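# this one's sequence-less:
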């Protein structure tokens, strides 16, 4: 899947240069080489306050003490969102005893339709280890902005009540200190993701 044609090309280029450029600064010896320490605080990530599927509040402080994989998408999408979440779940199983060191957060970009009970059912069919997060449109937009996620609603020309969400599909890896480490592209398979996570732990 490509980042959708509905997003203007200049925005895509700016997004790609920002995220992947920052990752290049972090990496040595190949795509998943040893990590260089940040000279400055990360420009990706920051404060947020959302609700999980039980109604409990989740903030950036909940990222502390473990590695976090954060993916933005929406439950009604038939392709990329469920595929990426299954890739993440499969990759974590490959980590063996290191699996508990990671948590996965799925942030919906469609809070109007992805109510907590919808998210719970959707994620339960994929893996019990996925935490779904939702909130008001303003809260979602604020977190997306903090993570430099490009997204927009695409209305159907035939029915204004029907729409899709167009977004930039990246997996964000955050460290135990709540700081951004690196992104993984949506084309990364489970083994590639698992190998990358293992190298982060080295």
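Cool, got the structure. Since the model is a prediction, treat every value here as computed from it, not as a measurement. Numbers count the residues shown, from 1 in each chain.
# any idea how far residue 172 lies from residue 69?
7 Å (C-beta to C-beta, to the nearest Å). For the C-beta atoms, the positions are set from N, CA and C on the backbone; glycine is no exception.
# what do you get for residue 180?
Residue 180 sits 12 Å away from residue 69, going by C-beta to C-beta.
# so how far is residue 137 from the nearest residue to residue 190 once chain neighbours are set aside?
Closest residue in space to residue 190, ignoring its immediate chain neighbours: residue 90 at 3.8 Å, by C-beta to C-beta, 6 or more residues apart in numbering. Counting by C-beta to C-beta, the gap from residue 90 to residue 137 is 31 Å.
# neighbour count winner among the two?
Neighbour tally, residue 90 and residue 137, criterion other C-beta atoms under 10 Å: the higher count belongs to residue 90, 15 against 12.
# helix or strand for the more buried one, which one?
Counting by DSSP states H and E, the element that carries residue 90 is helix 80-93.
# in that helix, what counts as buried?
Neighbour counts using 16 or more other C-beta atoms under 10 Å place 81-85, 87-89, 91-92 of helix 80-93 among the buried residues.
# now for the residues you listed: which two are most distant?
Distance extremes for those: the farthest pair is 81 and 92 at 17.1 Å, using C-beta to C-beta.
# tell me which stretches of this protein form helices.
Using DSSP state H, the helices of the chain run over 9-26, 80-93, 116-124, 137-146, 190-201.
# reformat those helices into TSV and put distance to residue 160 and mean pLDDT next to each item.
What follows is the helices of the chain, written out as TSV (distance: least, C-beta to C-beta, whole Å; pLDDT from 0 to 100):
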stretch	distance to residue 160	mean pLDDT
helix 9-26	24	42
helix 80-93	23	96
helix 116-124	21	95
helix 137-146	17	94
helix 190-201	38	96
